[in-house]
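Trainee: prediction below, plus the sequence it came from.
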Amino acid sequence: MRLPSRIAPLLVGLMLAACSGIEVNTNYDPSAVQQLESYRTYAWLPTPEGKDPRVYNDLINNNLHQAVDRVLQGRGYRQVAMDASPDFVIGWQGAIDSKLDAQTVNSYYGYGWGTMWSPYYGGGVGVPYTYVREYEEGTLILDIVDAKAKQLVWRGTAQAVVDENPTAQSSRERINEAVEEMLERFPPQPEQ
């Protein structure tokens, strides 16, 4: 067995592990930027109900609330009850979807004989191998809604590969990381 065919699975695994970070995006209403900067109080919308118990359960909900509260309160926002007229309300949604990833690894390595000008310069031909991996990707969406106008003014999304057997600790850490990265972009800065 040639060396490349023995190390190809390892290389594919390393490439996939390097891609296992959290991808964060945000979107907002540009006309509401000044309004967003004036917000000081918030409340939570009722806990969403969903069909996937891996996403919609008390543990995830509590971890998410704690992470968001810690970040917002660390920046001077204050949580109030819904009947206390908050400036904005926060809601969340989540999903876990099955995905496929195909990686093709070429088994060619090394150089041919000769010089750049000879017909044998270059390399040999190898047979590429394609590895297909099925994995689950989790998506978390945080919505910030203007409480008076009842309009969505900011949305953050985070997507990451879901661990096959997550521990309570790793689940909390991933939620914290996703929330911190999303809220790092809240409130948005005015466009120049």
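Mentor: On my side now, so go ahead.
Trainee: any weak-confidence spans in the protein?
Mentor: Low-confidence segments of the chain, defined by pLDDT under 70: 1-20, 107-126, 192.
Trainee: contacts only, for the residue nearest the centre of it.
Mentor: The residue lying closest to the centre of the chain (Cα atoms, centre = their mean) is residue 159, at 2.5 Å. With contact set as Cβ atoms under 8 Å, 6 or more residues apart in numbering, residue 159 has these partners: 22-23, 137-140. All C-beta spots, glycine's among them, are computed from the backbone N, C-alpha and C.
Trainee: among these, which are in helices?
Mentor: Secondary structure from DSSP state H places none of these in helices.
Trainee: how about the strands of the protein, start to end?
Mentor: 23-28, 41-44, 78-79, 88-105, 129-146, 151-161 (DSSP state E).
Trainee: would you turn those strands into a markdown table with distance to residue 181?
Mentor: What follows is the strands of the chain, written out as a markdown table (distance: least, Cβ to Cβ, whole Å):
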| stretch | distance to residue 181 |
| --- | --- |
| strand 23-28 | 4 |
| strand 41-44 | 19 |
| strand 78-79 | 21 |
| strand 88-105 | 15 |
| strand 129-146 | 10 |
| strand 151-161 | 7 |
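Trainee: quick one, which of the ones you listed gets closest to residue 59.
Mentor: Comparing the strands of the chain against residue 59 with Cβ to Cβ, the closest turns out to be strand 88-105 (12.4 Å).
Trainee: roughly how far apart are the nearest residue to residue 32 once chain neighbours are set aside and residue 172?
Mentor: Excluding the flanking residues, the one nearest residue 32 by Cβ to Cβ, 6 or more residues apart in numbering is residue 153, at 4.3 Å. According to Cβ to Cβ, to the nearest Å, residue 153 and residue 172 sit 28 Å apart.
Trainee: repeat that for residue 35.
Mentor: 32 Å.
Trainee: please apply the same query to residue 80.
Mentor: For residue 80, the distance to residue 172 - Cβ to Cβ - is 25 Å.
Trainee: those two: who's more crowded?
Mentor: Neighbour count, other Cβ atoms under 10 Å: between residue 80 and residue 172, residue 172 has more, with 18 against 15.
Trainee: so how far is residue 95 from the more buried one?
Mentor: 19 Å.
Trainee: what's the answer for residue 30, then?
Mentor: Relative to residue 95, and taking Cβ to Cβ, residue 30 is found at 27 Å.
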